[in-house]
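*Asks:* requesting a structural model of the entry that follows:
(2 chains)
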Number of protein chains: 2
Amino acid sequence: MADKIYRVNMTDLTSKIEDVPENLAGLGGRGLTSTIVAQEVVPTCHPLGPENKLVFAPGLLSGTVAANSGRLSVGGKSPLSGTIKESNVGGTASQLFAKLGVKALIIEGQPAKGNFYSLHLTTEGIVINKEPQLAGKGNFAIVDTMVEKFGEKTGVITIGPAGEMMMPVANISVKDPDGKLRSAGRGGLGAVMGSKGVKCIAINAPKEATVPIADPESFKAAVKIFAKALMEHPVSGQGLPTYGTAVLVNVINEAGALPTRNFSSGQFEGHDSISGETMHDLIEERGGKTRHGCHAGCVIQCSQVYNDAGGKYKTSGFEYESIWAMGADCCVDNLDHIAEADSLMDDIGIDTIETSVTMGVAMEGGLLPFGDGAGIVRIIKEEIGQGTPLGRLVGSGAGAVGKAFGVTRVPVVKNQAIPAYDPRAVKGIGITYCTTPMGADHTAGYAVATNILKVGGDVDPLKKEGQVELSRNLQIATAALDTAGLCIFVAFPALDIPEAFTAIIDMLNARFGISLTADDVTELGKNILRTEHEFNLAAGFTNKDDRLPEFFAREQLPPHNVVWDFTDEEIDEFWNF
Amino acid sequence: MADKIYRVNMTDLTSKIEDVPENLAGLGGRGLTSTIVAQEVVPTCHPLGPENKLVFAPGLLSGTVAANSGRLSVGGKSPLSGTIKESNVGGTASQLFAKLGVKALIIEGQPAKGNFYSLHLTTEGIVINKEPQLAGKGNFAIVDTMVEKFGEKTGVITIGPAGEMMMPVANISVKDPDGKLRSAGRGGLGAVMGSKGVKCIAINAPKEATVPIADPESFKAAVKIFAKALMEHPVSGQGLPTYGTAVLVNVINEAGALPTRNFSSGQFEGHDSISGETMHDLIEERGGKTRHGCHAGCVIQCSQVYNDAGGKYKTSGFEYESIWAMGADCCVDNLDHIAEADSLMDDIGIDTIETSVTMGVAMEGGLLPFGDGAGIVRIIKEEIGQGTPLGRLVGSGAGAVGKAFGVTRVPVVKNQAIPAYDPRAVKGIGITYCTTPMGADHTAGYAVATNILKVGGDVDPLKKEGQVELSRNLQIATAALDTAGLCIFVAFPALDIPEAFTAIIDMLNARFGISLTADDVTELGKNILRTEHEFNLAAGFTNKDDRLPEFFAREQLPPHNVVWDFTDEEIDEFWNF
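*Replies:* Numbering: from 1, shown residues only, chains lettered A, B, ... in the order given. Below is the predicted model of the structure:
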């Protein structure tokens, strides 16, 4: 069965299943969501109005047995940044979409405010149901309800109360193989889903459904080489599986680039209490799981199951970014407070990075003292979760809280919070923050790999030389990986092991019976970036938006006492490709 | 004594008195503040950081006996809109600056956060005093303190608690001849003053001080013609003196352009309760004053003294904009509630337009019901005044509250709230909202005059024809008037009575011994607009920012059921001069 585009109109509650137009045929994941958004969404529209669209697309390799290929792209115009947005997430939905032959799901229009619906996708098509009884419910309850209704293997995409309230920090959650949650976190796309009146999407594919492979033999061979490389590389084969992404806490602290106390230092004295090593020991001690995959076929298993002190399940998908943001940036050196907050944020449906960085700014503004983990937990639960005025304010993100409290040290680019690497001490990632069309986003071009982890070469993190080129190459490659539906962590072996890189191209060619070259893949990545950049320019962004806040140039970051010293011209070089 | 530029550095608490450079010599008021800001402020800087500057400049005619020439311009980069900003205000400061020979006062740098100072300007220069005991005080207390310290004739410029807290809605207040307040309301310049640690500025000029007049005879003749025209024109000579600016409530309601219930209708059923006619009768009944000038030499006297039901002073400078915003836009049909709020807003130091439009958006978001005047009064007093989280949110303005509450009907341009004329039913003012470098601002090019009041011609308010040209001509003329220090209301006679227009040029020529032509004045106005526009472009604004929110094009406005129907190309024609 040929892939189709599923289109739902929430104004009149109708749906259509359309053939894939030729210009979209070779695209998946981010390449597809960004192209559809660029084609169909008026760049200057209100992100929460009827003219915005929300687009889901599985990657080109999703649904196959290729390792780590189950990532889903979610696209639209962001209510947080006002830019085009692709937010990338694991879970089982991507593979189920692919197996159902859903090339993309496009949600457009909007119903009268306050009405919420579910969508159910099966081989029969799409059913739209009014769900007043689901409104106000947390994400975990939604997953439970859908599983109860449609079975354990059901794919679920859902928003929590924050998405219903259309908060700019609202994310979209996707059920993982064990009924836990993964998040399309950044950019407030949960608010867009809320504005469309879609509370959740359930997906069921027949048990026997598979995606067609044009050349099964070649595919199998490439899959094997690829998986082997993933397991052999020290980062994807050892570091991430053993300690999860939190392995970075000590690494980045040691590098003096762990943003601490609202980006006023590069080292956190409490780093040991929140490190991957400490988390690993705690998990073992409490009978959790140190390894866990966010989707079937993941060989890296960087996720985990974290239990509380009583040995009871508390959270999973407990990532470095979440731990850093509430830990170092808010000076909370208690993993259990962070885990409690993580679980609450997952249930309410808000981005852990944006929310926690916002708390750091609010702490500087005097709302609560640095280190007050219990205070953060209370605000998340009683204020954001309940939609009080304070919750609404914090739910507007770091930029908004900075303005409200008159704070000038506000770490955002294009109004999206800067994640867990201080750009003064990892200058390559600073270029990515400035230039990615997504607003500050480490995943768009993870220069930390080459600056700090020395993967794919060695570029001095404290020097400007080579950073623009590094970020550009990584952003191009990442756009292609996001299109294939591959996890960003496959970049570690792909950068270091030539066979891994070739295997990705071989898998794509064997899947579709095509003959892409490495140059074609690079060109694909470039085209995606250009499409996204042009959308932003048409929305009113300029090169003035490709900048870090001025405090990074003015304030030295201890311990290296470095500042951000790129000129405007140097940054603008990025787009010369 | 030649005019000088007074420059205060709040980082090291020093001041300098500088000669006026040649390129600034012919400028005053807005022309001067905008030129200095464009020359000295990095367009992309953080508005509350050390790189922004706050500039005060009396108009070119301020300090003379020319009628209505005592307006002061305040300039800087706006924390609300991010644009260049000139906010214009009456009171006695402008004339005192001029008499002291202060061409402009520039405040730069910033002290450590939380420290507040007073500046005292006299013939001896500038004294900077640390004033911990003034911090947290309301504007009325500051005026009383300064008068007590330096005498009744002291000019006072002050910020309330909102400015200290650097809220984006914070304004700057200026003492009027009776110790009441006038406000440089728009754009949050009070927050900039707060960021500079300046709580207040006191100005004392010797009693006998005058500004030099190059050709006293010609000046006197022109002054006479000008004053006569002001008194003869029906708007400036009758309507405004009798009913104040609130005369517009019934006029604009009748025109179907009075934004009601957060810009969802053009007529307010409670209009009679808040009209200028009702206010006039109430004032007379309660022993207030129906006529009052905001500065010496004002012949229009559109201000008033409004007493409460017990005959006790409540507020003055009680303007149409304030009455409309809390009245029609929030559906409060009780003048005493509005007067109470007006007085509180003056004391706390917040813009009545931005704050009340914000309340309208918050009402739509469900924070409190439309019509709840007592609720608004409580929020202003207990939340904004106290800097609670809700106060901080509302104090961030209409755009921020719209985002926090997921409201899409948010009437802002460049994040500044749209004032009291719905652009769908007064299309000329819509062009001004879109194109003025200030963010939505009716005073920048008051097309209501020609669209509704039929002053300076007759352009159908419901049609597009002629509106761009009308707004352009008015914006050019207004930039020149703001440079002269003339009240915007002199435009009524200047548009209709040829002698009045000529008299303005004659006064400028006689004052400085120069020979400007009408074309020179037009060129001056154009240059000011170009300077401001270029600052905004360098700050990252584009023509995409010269647009109304999309709801104006989508939602018909009763009773005329009109929409905003200008194309992007038609709006962009504005800058072709």
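
*Asks:* only C-alpha atoms for contact and neighbour calcs from this point on.
*Replies:* OK.

*Asks:* what residues does the stretch 451-577 of chain A have near chain B?
*Replies:* Residues of the stretch 451-577 of chain A found near chain B (CA under 8 Å from any CA of the partner chain) are A:538-545, A:549-550.

*Asks:* residue A:47: which of these is nearest?
*Replies:* Closest approach between those and residue A:47, by CA to CA: residue A:539, at 11.2 Å.

*Asks:* I'd say the closest one and residue A:43 touch.
*Replies:* Yes: assessed by CA atoms under 8 Å, residue A:539 is found in contact with residue A:43 at 4.5 Å.

*Asks:* reformat the residues of the stretch 451-577 of chain A next to chain B as JSON lines; add secondary structure.
*Replies:* Converted to JSON lines, these look like this (DSSP: H, G, I helix; E, B strand; the rest coil):
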{"residue": "A:538", "secondary structure": "helix"}
{"residue": "A:539", "secondary structure": "helix"}
{"residue": "A:540", "secondary structure": "coil"}
{"residue": "A:541", "secondary structure": "coil"}
{"residue": "A:542", "secondary structure": "coil"}
{"residue": "A:543", "secondary structure": "helix"}
{"residue": "A:544", "secondary structure": "helix"}
{"residue": "A:545", "secondary structure": "helix"}
{"residue": "A:549", "secondary structure": "coil"}
{"residue": "A:550", "secondary structure": "coil"}
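
*Asks:* are any of those buried, and which?
*Replies:* Using 16 or more other CA atoms under 10 Å in any protein chain shown as the burial test, those include A:538-542, A:544-545, A:549-550 as buried.

*Asks:* and these, which two are furthest apart?
*Replies:* Of all pairs in those, the most separated under CA to CA is A:538 and A:550 at 25.2 Å.

*Asks:* nearest residue to residue A:194 other than its sequence neighbours?
*Replies:* Leaving aside its sequence neighbours, residue A:194 sits nearest to residue A:164 (CA to CA, 6 or more residues apart in numbering or on different chains; 4.5 Å).

*Asks:* in contact with that neighbour, which residues?
*Replies:* Applying CA atoms under 8 Å, 6 or more residues apart in numbering or on different chains, we find residue A:164 in contact with A:135-136, A:190-191, A:193-195, A:197, A:199.

*Asks:* if we can go back for a sec, so which of the buried ones among the residues of the stretch 451-577 of chain A next to chain B is the closest to residue A:451?
*Replies:* Nearest member of these to residue A:451, counting by CA to CA, is residue A:549, at 21.6 Å.

*Asks:* that closest one against residue A:415, yeah?
*Replies:* No: using CA under 8 Å, residue A:549 is not in contact with residue A:415, being 10.1 Å away.

*Asks:* out of the contacts of residue A:164, who has the most neighbours?
*Replies:* Most neighbours among the contacts of residue A:164, by other CA atoms under 10 Å in any protein chain shown: residue A:190, with 37 neighbours.

*Asks:* host element of it?
*Replies:* helix A:189-195 (DSSP states H and E).

*Asks:* show me what secondary structure element comes after that helix.
*Replies:* Helix A:189-195 is succeeded, C-terminally, by strand A:198-203 (DSSP H and E).

*Asks:* buried ones in the strand or helix carrying residue A:376?
*Replies:* In the assignment (DSSP H and E), residue A:376 maps to helix A:373-378. Buried residues in helix A:373-378, counted by 16+ other CA under 10 Å: A:373, A:375-377.

*Asks:* so for it, what's the average pLDDT?
*Replies:* The pLDDT scores in helix A:373-378 average 98.

*Asks:* what residues does the helix or strand hosting residue A:354 touch?
*Replies:* According to DSSP H and E, residue A:354 maps onto helix A:352-364. For helix A:352-364, the external contacting residues (CA under 8 Å, 6+ apart) are A:169, A:185-186, A:261-262, A:321-322, A:325-326, A:329-330, A:342, A:345, A:368-370, A:376, A:394-395, A:397-399, A:401-402, A:405, A:407, A:409-411, A:416-419.

*Asks:* ok, the residue nearest to residue A:122 when sequence neighbours are not counted to chain B distance?
*Replies:* For residue A:122, ignoring the flanking residues on the chain, the nearest one in space by CA to CA, 6+ apart is residue A:204 at 5.2 Å. Between residue A:204 and chain B the distance is 32 Å, computed by CA to the nearest CA, to the nearest Å.

*Asks:* and residue A:204, how many neighbours?
*Replies:* 21.

*Asks:* identify the residues contacting it.
*Replies:* Neighbours of residue A:204 in contact, by CA under 8 Å, 6+ apart: A:96, A:100, A:120-123, A:150, A:153-155.

*Asks:* just to revisit the earlier point, pLDDT added to the contacts of residue A:164, as TSV?
*Replies:* Shown next, in TSV, are the contacts of residue A:164 (pLDDT from 0 to 100):
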residue	pLDDT
A:135	96
A:136	97
A:190	98
A:191	98
A:193	98
A:194	98
A:195	98
A:197	98
A:199	98
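
*Asks:* and the residue of the stretch 201-350 of chain A at minimum distance from chain B, what does it touch?
*Replies:* When scored by CA to the nearest CA, the stretch 201-350 of chain A has residue A:350 as its residue closest to chain B, at 13.7 Å. Taking CA under 8 Å, 6+ apart, we find residue A:350 in contact with A:160, A:162-163, A:169-171, A:185.

*Asks:* so what's the residue lying closest to it once chain neighbours are set aside up against?
*Replies:* Nearest residue to residue A:350, sequence neighbours excluded (CA to CA, 6+ apart): residue A:170, at 4.3 Å. Residues in contact with residue A:170, defined by CA under 8 Å, 6+ apart, are A:159-160, A:162-163, A:185, A:187-191, A:349-351, A:395.

*Asks:* so where do the helices sit in the stretch 201-350 of chain A?
*Replies:* Ranges of helices in the stretch 201-350 of chain A, per DSSP state H, counting those that start in this stretch, are A:216-232, A:234, A:240-243, A:248-254, A:276-285, A:320-326, A:335-348.

*Asks:* just the CA atoms of the first one, as PDB, please.
*Replies:* Same thing as helix A:216-232. Taking Å, rounded to 0.1, in the frame of the first residue of the first chain, the C-alpha atoms of helix A:216-232 are listed here in PDB:
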ATOM      1  CA  PRO A 216      15.600  -6.600   1.300                       C
ATOM      2  CA  GLU A 217      19.000  -8.200   0.900                       C
ATOM      3  CA  SER A 218      20.900  -5.000   0.700                       C
ATOM      4  CA  PHE A 219      18.800  -3.500   3.400                       C
ATOM      5  CA  LYS A 220      19.600  -6.400   5.800                       C
ATOM      6  CA  ALA A 221      23.300  -6.100   5.100                       C
ATOM      7  CA  ALA A 222      23.300  -2.400   5.800                       C
ATOM      8  CA  VAL A 223      21.200  -2.700   8.900                       C
ATOM      9  CA  LYS A 224      23.700  -5.100  10.300                       C
ATOM     10  CA  ILE A 225      26.800  -2.900   9.700                       C
ATOM     11  CA  PHE A 226      24.900   0.100  11.100                       C
ATOM     12  CA  ALA A 227      23.900  -1.700  14.300                       C
ATOM     13  CA  LYS A 228      27.400  -3.000  14.800                       C
ATOM     14  CA  ALA A 229      28.900   0.500  14.500                       C
ATOM     15  CA  LEU A 230      26.400   1.800  17.000                       C
ATOM     16  CA  MET A 231      27.400  -0.800  19.500                       C
ATOM     17  CA  GLU A 232      31.100  -0.400  18.900                       C
END
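
*Asks:* give the buried residues for that helix.
*Replies:* For helix A:216-232, by 16+ other CA under 10 Å, it's A:218-220, A:222-223, A:225-231.
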